[in-house]
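*Asks:* Sequence first, predicted coordinates after that:
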Amino acid sequence: MSKPFAESCEINKEPILAVLRELFADRRHVLEIGSGTGQHAVHFGAGLPHLRWQTSDRAENHAGIRAWLDEAGLPNVAPPIELDVVDSVWPAAGFDAAYSANTVHIMAWPMVEAMFAGLARVLAPGAVFALYGPFHYGGKATSESNARFDLWLKERDPQSGVRDYDDLNRLAGAVGMVLVDDIEMPINNRTLVWRCS
């Protein structure tokens, strides 16, 4: 099959990798939530060869992820496991890091809650979780483009939308995660970083 392609992944992969090089320098086993096309997995797997990168997504996206992984042939990037944050059995515990990009704004809020609850079960004490995307602060968009994006998301699916930093941080705190960084990224995005207690 032809590989799926997302322009946003092509644009943001280098800035994200620069952040992950520091965040994951002392990490060993990363769970990616929502691997999507697979573009990030192969780029970060190549750029961070000390990591074992575990891809995951809903089953319908596995063929595309596998196409990217098969072409790259990286020994440290594992084939996708089936993971629907609400319905699936989560993998065995023991990951010392997790990563997810551009996922929470397309999930319904109960799915976001389920994702944090699931991560709390599989991440080891001291693990870090890096979440990339656009976020609101104090209920307000940080830019006109993010406000327009939020409206577009809600017109497409009323249960989706750009999530508020405070709401996400409360969710994280409720499952024992503490915010350790909030990193400015290009094009009005951020990377939020929590550490498990």
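*Replies:* Cool, got the structure.
*Asks:* Can you give the strand pairings for the longest strand anywhere in the chain, parallel or anti for each?
*Replies:* Identified as the longest strand of the chain according to DSSP state E is strand 123-133. Taking DSSP bridges as the criterion, strand 123-133 sits next to strand 95-101 (parallel), strand 189-196 (antiparallel) in its sheet.
*Asks:* can you pull the buried residues of it?
*Replies:* Neighbour-count burial for strand 123-133 flags 123, 127-133 (criterion: 16 or more other CB atoms under 10 Å). Quick note: C-beta positions are derived from backbone N, CA and C, even for glycine.
*Asks:* Need the residues that contact it.
*Replies:* 12, 16, 19-20, 23-24, 27, 31, 93-105, 119, 162-163, 168, 172, 177, 180, 185, 189-197 (CB atoms under 8 Å, 6 or more residues apart in numbering).
*Asks:* For residue 112, state which of the buried residues of strand 123-133 is nearest.
*Replies:* residue 131 (10.0 Å; CB to CB).
*Asks:* Just the strands from this structure, written as ranges.
*Replies:* Assigned by DSSP E, the chain shows strands spanning 29-32, 52-57, 77-82, 95-101, 123-133, 135-136, 163-164, 177-185, 189-196.
*Asks:* Of those, flag the one that's most buried.
*Replies:* The highest average neighbour count among the strands of the chain, using mean count of other CB atoms under 10 Å, belongs to strand 29-32 at a mean of 26.
*Asks:* partners of it in the sheet?
*Replies:* By DSSP bridges, strand 29-32 pairs with strand 52-57 (parallel), strand 95-101 (parallel).
*Asks:* Any chance you could list what contacts it?
*Replies:* So strand 29-32 is contacted by 24, 40-41, 51-56, 91, 94-100, 119, 122-123 (CB under 8 Å, 6+ apart).
*Asks:* can we see that at 6 Å?
*Replies:* Residues outside strand 29-32 that contact it (CB atoms under 6 Å, 6 or more residues apart in numbering) are 51-55, 95-99.
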